[in-house]
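In: below is the sequence, then the predicted model.
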Amino acid sequence: MYNRNKKEVFHWGWQIIKTIQDFNKKILKLNEIQEYFKLYDYKDLMDFISVKKQQGDLLEVISSKTNGMNPPLYNKYKVLPLKEDNKNFIDEINYALYFSFNKSYYLSNIDKYKEDKQYINALTNYFRENKLRLSIPMSINERSYDIWGEEKFLKDGSGKRILKNLGIIIEDLNVYRTPEPFVYFSANKSYKQRVLILENKDTWYTLRKLMLEGMNIFIGEKIDTIIYGAGKSIEKSLEDFEATAPDYFKSPIELLYWGDIDYEGIAIYERLKDRHSALLNINLFKGAYKLMLNLSKNRTLAMSKDNQNKNIKDRFFSELYAENIEEIKHILSSGLYIPQEIVNYEILKGGNR
C-alpha cells in the first residue's frame, strides 16, 4: 500500500525524481503516473493521487473524463507548481522587524516582502542602531541617504510605498522639506509689491532686462518683482511661498500671472488660483493676454503641443476682457496656441509694432 509519509525518491531513466514537479511536465496521464511511480495496485494509485491532490501537487483535468473504474480516476492530471515554504520569511517579519513596525501587510503579501526585504532590513537596522540620529532633523534626501545610501529613495514611489506598508509616516523620520527656491528679480524692496509670475524664461529675462534699464510699467501695470514660473514648476514653488519669499514681497498687494495662451498655460493659472487664492491675491494679467491676441491677428499661429490636458474651467475666462473670451476659445478649439514670446523686447520697450 502507498505510504504517504515516506520520503519519495524515484528513478526515471537517468533522472532522480524527488518531487512530482521534477518531471517538468504540465500534464500527466494516469497511466504515466502509474508507470513512473510503479503503482500497479489500483488502491495504491488511488491513495497516491488522493495524497498529491491534498498536498496541492495534482489537480484533475475534468475534460479528460474518468477511466471507467470504480471508484473512478481522471485520465489526466495537471501538475501544480511546488508551493514555496515561507516559514522563514514569516518568522523574519514577526521577530526580526523593528517592534513598532506594522507587520500585517507583509504577512499577507510575502512576495512583496521578498522584493522589499533589503530596504526593510536597512530601515530596521537604522531604528535599532541609530535611534538617536532620528532626534536630529535632516532633509528628506539626507535622511534617505543616511538610511539606504540612496538620496532619492524616500521621494520616489518605492520609498513612500514601503513606509506606508509598515505603518510609518514621514514625520516619524524627523525630516524637513526643502522647497524649490524662486527665481525672481525685484526692481525695489518696497513692502507694497505687485508681483508678476511669468510662465517662460525668455519673457522673464526680457522683463528683467527692461527693469534693469529703468522700466517698471508694463502693459499698463506697475511691476515691482518678477518670478520665473518654469511652467508647472511654479505650482510646487508657490506651496512654500511664505517660507521662501523675501519679507518685502511675502504679502504682495497683488500676484499677477501671465503665461502662454494654450490649455497648459491656462490650467496652471486655474490651479494656482484654486489652491492659493485664500492666502494670496492672485489675478490674471489680462492686459498681457489682450496684447497677445492683438499681435496674433496678422500671424499664422502654430499648432499646440500634443496630449495637453484640456480639462480647464471657466475661472480663466471669467477674468479676461469680455471681447477676448471668444477669440481665445476659438484658438484653443482650432488646436492652435500663442506663446508668451509674441510679446518681445521691442514691444515691451514701446517700439513701433
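Out: Looks like it came in fine. Residues are numbered from 1 along each chain as shown.
In: and the residue located most distally from the centre of the chain, how far from residue 247?
Out: For the chain, the C-alpha farthest from the mean C-alpha position belongs to residue 41; by C-alpha atoms, centre = their mean, that distance is 60.8 Å. Counting by C-beta to C-beta, to the nearest Å, the gap between residue 41 and residue 247 amounts to 94 Å. (Glycine included, C-beta is placed from N, CA and C.)
In: equivalent analysis for residue 74, please.
Out: If you go by C-beta to C-beta, the gap between residue 74 and residue 247 works out to 82 Å.
In: cool, residue 231 as well?
Out: The separation that residue 231 has from residue 247, given C-beta to C-beta, amounts to 27 Å.
In: ok, those two, which is more surrounded?
Out: Neighbours of residue 231 and residue 247, each counted by other C-beta atoms under 10 Å, are more numerous for residue 231; the result is 15 against 8.
In: all the strands of the stretch 201-350 of the chain, residue numbers only.
Out: Counting by DSSP state E, counting those that start in this stretch, the segments of the stretch 201-350 of the chain that form strands are 217-218, 221-222, 225-228, 254-258, 282-284, 302-303, 336-337.
In: how about a markdown table for these, with mean pLDDT added?
Out: Converted to a markdown table, the strands of the stretch 201-350 of the chain look like this (pLDDT from 0 to 100):
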| stretch | mean pLDDT |
| --- | --- |
| strand 217-218 | 94 |
| strand 221-222 | 94 |
| strand 225-228 | 94 |
| strand 254-258 | 95 |
| strand 282-284 | 94 |
| strand 302-303 | 87 |
| strand 336-337 | 92 |
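In: and these: which comes nearest residue 180?
Out: Taking C-beta to C-beta, strand 225-228 is the member of the strands of the stretch 201-350 of the chain nearest to residue 180, at 11.2 Å.
In: okay, the closest one in CSV with CA atoms only?
Out: This file holds the C-alpha atoms of strand 225-228, laid out as CSV (Å, rounded to 0.1, in the frame of the first residue of the first chain):
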residue,chain,number,x,y,z
THR,A,225,9.1,91.9,-8.8
ILE,A,226,9.0,89.2,-11.5
ILE,A,227,9.1,85.4,-10.7
TYR,A,228,10.1,82.8,-13.3
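In: that one pairs with which strands?
Out: Strand partners for strand 225-228, identified by DSSP bridges, are recorded as strand 183-186 (antiparallel), strand 194-198 (parallel).
In: and the chain, what are its domain boundaries?
Out: When the chain is parsed into structural domains using automatic domain parsing, the resulting residue ranges are 10-79, 87-176, 183-349.
In: highest average neighbour count across those domains?
Out: Each of those was assessed for mean neighbour count using mean count of other C-beta atoms under 10 Å. The highest is domain 183-349, with a mean of 17.
In: how far does that domain sit from its chain's centre?
Out: Put simply, domain 183-349 sits 28 Å off its chain's centre (C-alpha atoms, centre = their mean, to the nearest Å).
In: i'd like the first residue to be 21 from this point on
Out: Got it, first residue is 21 now, which makes that one domain 203-369.
In: can you pull the pLDDT of residue 250?
Out: Taken from the predicted model, the pLDDT recorded for residue 250 is 85.
In: again, but for residue 143
Out: With respect to pLDDT, residue 143 has a value of 96.
In: mean pLDDT lowest for which of the domains of the chain?
Out: domain 30-99 has the lowest average pLDDT among the domains of the chain, namely a mean of 83.
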